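Enquirer: Everything below, folded, please.
(one chain, ligands or ions: 1)
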Amino acid sequence: MSEEYVIDVQGLVKRFANKIAVNSVDLQLKKGEVWGFLGPNGSGKTTTIRMICGLLHADEGHGTCLGLDIQKDAEQIRRQTGYMTQRFSFWSDLSIRENLEFVARLYQIKNKRQVIDDTLKKLGLFDRQKQLAGALSGGWKQRLALAAVTMHKPKLLLLDEPTAGVDPQARRDFWDEIHRLSLDGMTVLVSTHYMDEAERCDQIAYLAYGELITKGSVQQIIDQSELVTIKGVGSQVRALLSEIKNNTNIEQASYFGSALHVSGHDMTLIKQGIEQAQTKLNIHDIQWQEVSPTLEDVFIALTQRTGGDKRGHG
Ligand SMILES: Nc1ncnc2c1ncn2[C@@H]1O[C@H](COP(=O)(O)OP(=O)(O)OP(=O)(O)O)[C@@H](O)[C@H]1O
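Expert: Residues are numbered from 1 along each chain as shown. Down below sits the predicted model:
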C-alpha cells in the first residue's frame, strides 16, 4: 500500500448486467484533502464510492483505502469510514440524541455519553438534542447525518450528495464543518451537482458515462480544458441562442443570468459563428467580451464531448 494516499485505487470497473457503470477509474486522495466528485446523473459516482469503501465488489481493478485492500478488507474499511448515503435515514420518531445513541451502540463507541455530548456541541445540535429527527428542516437533518457518520471519528468521510435540497445558508454551514473536519486530518470525498460546492474543494474528479474524464484543482481543470468563452450582453441576446447552437463550430451556448456564454476551442471560429447568426437575424446591439470559462462551462463541454464520442462509437 502507499503510505501517501488515503485512497489509492486503479482500474476500477463495475458492470450491472451487460452495462458498464464504472470503467477503469483511478483515484488517489491524500490525507486531509477535500475532493469533489462530479458528473451527470448516472455517471457512476455512487458506484465508485461504494467500491472504494468495500460495500460493492469491483469486477476489475484493485487498490487500497486507508491502507486496506478494497477487495479483501471491506469490514475494516467500513469501520474507519463515515459514509453518508444519498438517502441517509433516521428514526424520525426518536430525538436527535436518541438517534445518536443508537448509532453509538452500532459502532460500539466507548464513553458514549461524552462522545455524544461533544458531537452535539461541535455540530451546533446540543440545544436541539431533544427535538424529534422527523421534525427537523433539511439543513438540520444534514447536520444530524454528519454527526452520525463522524461520531466514531473516521479517518475518511464519503458523502454522497449530502446537501441536495438544502438551502444556501445551511449548505454553507455544512461546508464550513467539512473544512473543519479536514483541518483535523480527515480526508473527504463529496459527490455533488453544485458548482459552488465543487469550487470549495481542493481537488475535483469528474466522471461521465462511467469514465474519469478529468481531475485536478478548479484552475487546473479549467486550464486543461483549453476551452475559450465569450460573453454577450444586450437586449436581444435571447433571440440568438438557437441560431448560435446550430453552428457546428460552437460547442456550447447557454445563458448565465441575462448574459449568453458561448464556448468552443477556437475563438476565431466562435466569433465567425456569432457574426453569421447576428447577420442572419439582423441583431447588432450585443456587446461581446472574452471571459474565462466557468467550471460549469467546462463540465458541460466535457460531458457533451464525451457523449458525442460514445454515440459516435455506438
Ligand atoms: N444496483 C444496480 N443495479 C443495476 N444498475 C445499477 C445499480 N446501481 C447503479 N446502477 C446503474 O449504474 C449507473 C451508475 O449509477 P450511479 O448511481 O453510480 O451514478 P451516479 O453518478 O451516482 O448518479 P446520480 O448523480 O444520479 O446519483 C447508472 O446507469 C445506474 O442506473
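Enquirer: May I see the domains of this protein written out as residue ranges?
Expert: In the domain annotation for the chain, the residue ranges read 5-221, 228-292 (automatic domain parsing).
Enquirer: Please identify the deepest-packed of the ones you listed.
Expert: For those, the stretch with the most neighbours on average is domain 5-221, a mean of 18; neighbours defined as mean count of other Cβ atoms under 10 Å. Where C-beta positions appear, they are placed from N, C-alpha and C, glycine not excepted.
Enquirer: can you give me the offset of that one from its chain's centre?
Expert: Domain 5-221 has its average C-alpha position 10 Å from the chain's average C-alpha position, going by Cα atoms, centre = their mean, to the nearest Å.
Enquirer: ok, now stretch 233-253?
Expert: Shown here is stretch 233-253, whose average C-alpha point lies 29 Å from the average C-alpha point of the whole chain (Cα atoms, centre = their mean).
Enquirer: Just the CA atoms of it, as CSV, please.
Expert: Extracted as CSV, the C-alpha positions of stretch 233-253 are listed here (Å, rounded to 0.1, in the frame of the first residue of the first chain):
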residue,chain,number,x,y,z
VAL,A,233,-24.9,41.1,-23.1
GLY,A,234,-27.7,43.0,-24.7
SER,A,235,-31.5,43.2,-25.0
GLN,A,236,-31.7,40.8,-28.0
VAL,A,237,-29.3,38.2,-26.6
ARG,A,238,-32.1,35.6,-26.0
ALA,A,239,-33.1,35.7,-29.7
LEU,A,240,-29.6,34.4,-30.7
LEU,A,241,-29.4,31.2,-28.7
SER,A,242,-31.0,28.7,-31.1
GLU,A,243,-29.3,30.1,-34.2
ILE,A,244,-25.9,30.0,-32.5
LYS,A,245,-26.5,26.5,-31.3
ASN,A,246,-27.0,25.4,-34.9
ASN,A,247,-23.4,26.4,-35.8
THR,A,248,-21.1,23.4,-35.8
ASN,A,249,-18.1,25.5,-34.7
ILE,A,250,-19.8,26.4,-31.4
GLU,A,251,-19.6,23.6,-28.9
GLN,A,252,-21.8,25.2,-26.3
ALA,A,253,-24.0,28.2,-25.7
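Enquirer: okay but residue 197 is in contact with residue 178, surely?
Expert: No - the criterion here is Cβ atoms under 8 Å, and residue 197 misses it with residue 178 at 9.3 Å.
Enquirer: Need the residues touching each of those two.
Expert: Taking Cβ atoms under 8 Å, 6 or more residues apart in numbering as the contact rule, residue 197 and residue 178 both touch residue 190.
Enquirer: Spell out the residue ranges of the helices in the stretch 201-314 of the chain.
Expert: 218-225, 237-245, 267-281, 295-312 (DSSP state H, counting those that start in this stretch).
Enquirer: Just put those helices in CSV and tack on distance to residue 153 and mean pLDDT.
Expert: Compiled in CSV, the helices of the stretch 201-314 of the chain are given as follows (distance: least, Cβ to Cβ, whole Å; pLDDT from 0 to 100):
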stretch, distance to residue 153, mean pLDDT
helix 218-225, 30, 94
helix 237-245, 51, 87
helix 267-281, 51, 92
helix 295-312, 32, 73
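Enquirer: And the ones you listed: which comes nearest the ligand?
Expert: Each of the helices of the stretch 201-314 of the chain was checked against the ligand via Cβ to the nearest ligand atom, and the shortest separation belongs to helix 295-312, namely 11.8 Å.
Enquirer: okay, and for this structure, where does confidence drop off?
Expert: For the chain, residues meeting the criterion pLDDT under 70 lie at 1-3, 307-314.
Enquirer: which residues of the stretch 1-150 of the chain fall in helices?
Expert: Listed in chain order (using DSSP H, counting those that start in this stretch), the helices of the stretch 1-150 of the chain are 45-52, 74-79, 96-106, 112-122, 138-150.
Enquirer: Just list whatever residues bridge to the residue lying closest to residue 186 once chain neighbours are set aside.
Expert: Nearest residue to residue 186 in three dimensions, chain neighbours excluded: residue 157, at 5.6 Å (Cβ to Cβ, 6 or more residues apart in numbering). Beta-bridge partners of residue 157, counted by DSSP bridges, are residue 82, residue 188.
Enquirer: Could you check how far residue 157 is from residue 108?
Expert: In this structure, residue 157 and residue 108 are 20 Å apart, going by Cβ to Cβ, to the nearest Å.
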